[in-house]
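>>> Have a look; sequence and predicted model below, questions after that.
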Amino acid sequence: MNLFEAVKDAVPTIAAAEHYGIEVKRNGMACCPFHDDRTPSMKVDKRFHCFGCQEDGDVIDFVGKLFGLSPKRAAEKLAEDFGVRYEGLQTWQPQRRPSVISKLAAAQEYRKKENRCYRVLCEYLHLLRDWKEQYAPQPEDEDWHPLFCEALQKMDYVEYLLDELISGTLEERTAIVKEKEKDLAGLEKKIAAFDRRGTADPQRDSFPGKMRSTRFPEELAM
Ligand SMILES: [Zn+2]
């Protein structure tokens, strides 16, 4: 809505009259400010009409006449005094410059994330290296152990990620941290699980290859 529509829609004349100090009786009658009125002869509701001097109009006419303002200025005054928002309203906003403190906090927060990402990927890489050795296929194995497969699939990629985190630009590192953040919790769980029982699988020698290969079905989302 434009200024005029918005003001007329939001502010009934009776509200403006009372706001600017005119006493309105319960029946909506008031002493007319536009002629010398001893008995209330002006009716105010959404609009106004004086039965004495025949002044008549909407809230913008009312305020314009009351303060000697052009319709536009009267409407602007009403918008300001009643907090009316309208199309094209210029609102003053402080320049959004983050404070040094919030910048520092953001940098610290990021560093924490990057450190976590680096630590988890390092631990995962160690795990993958162990798996590659410990679960290397034996001549009698029909299937490759899934952890050996995972090691083969992921080692190069994880090494690449770590290399980027060590020597990449801030932009490259941020991209990796952002992309890998969602996988970290899953990796941490996985690492913790293997920490608890040690990387060596105690069942290794007692399981035939086929059964062993079904023991770690959970796919890693990386
Ligand atoms: Zn009048």
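Right, received. Where do you want to start? Numbering: from 1, shown residues only.
>>> mind checking which helix or strand the residue nearest the centre of the chain is in?
By Cα atoms, centre = their mean, the chain has its centre lying nearest to A106, at 15.4 Å. Using DSSP states H and E, A106 sits in helix 100-134.
>>> list the helices and strands that helix packs on?
Where contact means 3 or more Cβ pairs under 8 Å, 6 or more residues apart in numbering; DSSP states H and E, helix 100-134 is packed against helix 146-167, helix 170-197. Any C-beta I mention is one placed from the backbone N, CA and C, and that applies to glycine too.
>>> Report the buried residues of the first one.
The reference is to helix 146-167. Buried positions in helix 146-167, judged by neighbour count with 16 or more other Cβ atoms under 10 Å: 146-151, 154-155, 158, 161-162, 165.
>>> what does the last one give?
By neighbour count, with 16+ other Cβ under 10 Å as the criterion, the buried positions of helix 170-197 are 173, 176-177, 180, 183-184, 187, 190-191, 194.
>>> Measure how that helix sits relative to helix 146-167, angle-wise.
140 degrees (axes from the mean of the first three to the mean of the last three Cα atoms, to 10 degrees).
>>> packing partners for helix 170-197?
Helix 170-197 packs on helix 100-134, helix 146-167, going by 3+ Cβ pairs under 8 Å, 6+ apart.
>>> contacting residues for the nearest residue to I166 once chain neighbours are set aside?
The spatial neighbour of I166 that comes closest, neighbours along the chain excluded (Cβ to Cβ, 6 or more residues apart in numbering), is Y118 at 7.9 Å. Applying Cβ atoms under 8 Å, 6 or more residues apart in numbering to Y118 gives the contacts 162, 165-166.
>>> picking up where we left off before, in TSV: the buried residues of helix 146-167, plus pLDDT and distance to S99.
Shown next, in TSV, are these (pLDDT from 0 to 100; distance: Cβ to Cβ, whole Å):
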residue	pLDDT	distance to S99
P146	91	51
L147	93	49
F148	93	52
C149	93	50
E150	93	46
A151	95	47
K154	94	42
M155	95	44
V158	95	38
L161	95	33
L162	95	34
L165	94	29
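>>> Which single one of those is nearest to the ion?
Distances from the ion to the buried residues of helix 146-167, taken as Cβ to the ion, are shortest for L165 (80.0 Å).
>>> what does the chain put close to the ion?
Residues of the chain lying close to the ion (Cβ under 5 Å from the ion) are 32, 34-35, 50, 52-53.
>>> Which among those count as buried?
32, 50, 52.
>>> Please flag which of those sit within strands.
Taking DSSP state E as the definition of strands, those contribute C50.
>>> Which one of the buried ones among the residues of the chain next to the ion is nearest to T39?
Closest approach between these and T39, by Cβ to Cβ: G52, at 8.7 Å.
>>> residue contacts, the closest one?
32, 35, 37, 41-42.
>>> swap the cut-off to 7 Å and go again
Contact partners of G52, counting by Cβ atoms under 7 Å, 6 or more residues apart in numbering, are 32, 35, 37, 41.
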